[in-house]
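Q: missing the sequence, but the structure's below:
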């Protein structure tokens, strides 16, 4: 069974052979797939934003300062702190996908999270 990336590459090959004339049904299907992916990424962004804000409120500490201290081992290894750090790391890895899909980043801070990890 071909992987998704292999299927996309085959589609790209197919489209290059058709001299830029795209089938309207195919074009509509691709638009729907991309729209669905943007919606999924927005949900991820919203969840990560809520989790990050919850931690910042609970500990009265901005994420940037938290992560700096945490990564230097100054805060210990409480499960909540590990989860907060993991949330920021997931946000960092998700940032590029969000930007590519045209979904605005978490209050402009995805750039920070991605550079941070």
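A: Thanks, I have it. None of these values were measured; they are calculated from a predicted model. Residues are numbered from 1 along each chain as shown.

Q: I'd like the average pLDDT over the one helix or strand residue 53 maps to.
A: For residue 53, the enclosing helix or strand under DSSP states H and E is helix 24-59. In this model, helix 24-59 has an average pLDDT of 89.

Q: dump the residue contacts of the residue nearest to the spatial centre of the chain.
A: Closest residue to the average C-alpha location of the chain: residue 94 at 2.1 Å, with Cα atoms, centre = their mean. Residues in contact with residue 94 (Cβ atoms under 8 Å, 6 or more residues apart in numbering) are 41, 44, 45, 48, 110. Glycine gets a C-beta too; all of them are placed from N, C-alpha and C.

Q: Report the secondary structure state of it.
A: helix (DSSP: H, G, I helix; E, B strand; the rest coil).

Q: how far away is it from residue 61?
A: Between residue 94 and residue 61 the computed distance is 22 Å (Cβ to Cβ, to the nearest Å).

Q: tell me which residues of stretch 88-99 are tucked away?
A: Buried residues in stretch 88-99, counted by 16 or more other Cβ atoms under 10 Å: 88, 90, 91, 92, 94, 95, 98.

Q: and those as CSV, adding pLDDT and distance to residue 35?
A: Formatted as CSV, those follow (pLDDT from 0 to 100; distance: Cβ to Cβ, whole Å):
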residue, pLDDT, distance to residue 35
88, 91, 28
90, 87, 23
91, 83, 23
92, 79, 25
94, 77, 18
95, 72, 20
98, 73, 15
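
Q: Can you tell me which of the residues you listed is nearest residue 17?
A: residue 98 (32.4 Å; Cβ to Cβ).

Q: wouldn't the closest one be in contact with residue 38 here?
A: No: the pair residue 98 and residue 38 does not pass the contact test of Cβ atoms under 8 Å, sitting 9.1 Å apart.

Q: and the spatially closest residue to residue 70 that is not a sequence neighbour, what helix or strand is that in?
A: Once flanking residues are discounted, residue 70 sits nearest to residue 85: 5.3 Å by Cβ to Cβ, 6 or more residues apart in numbering. Element membership for residue 85 (DSSP H and E) is helix 79-100.
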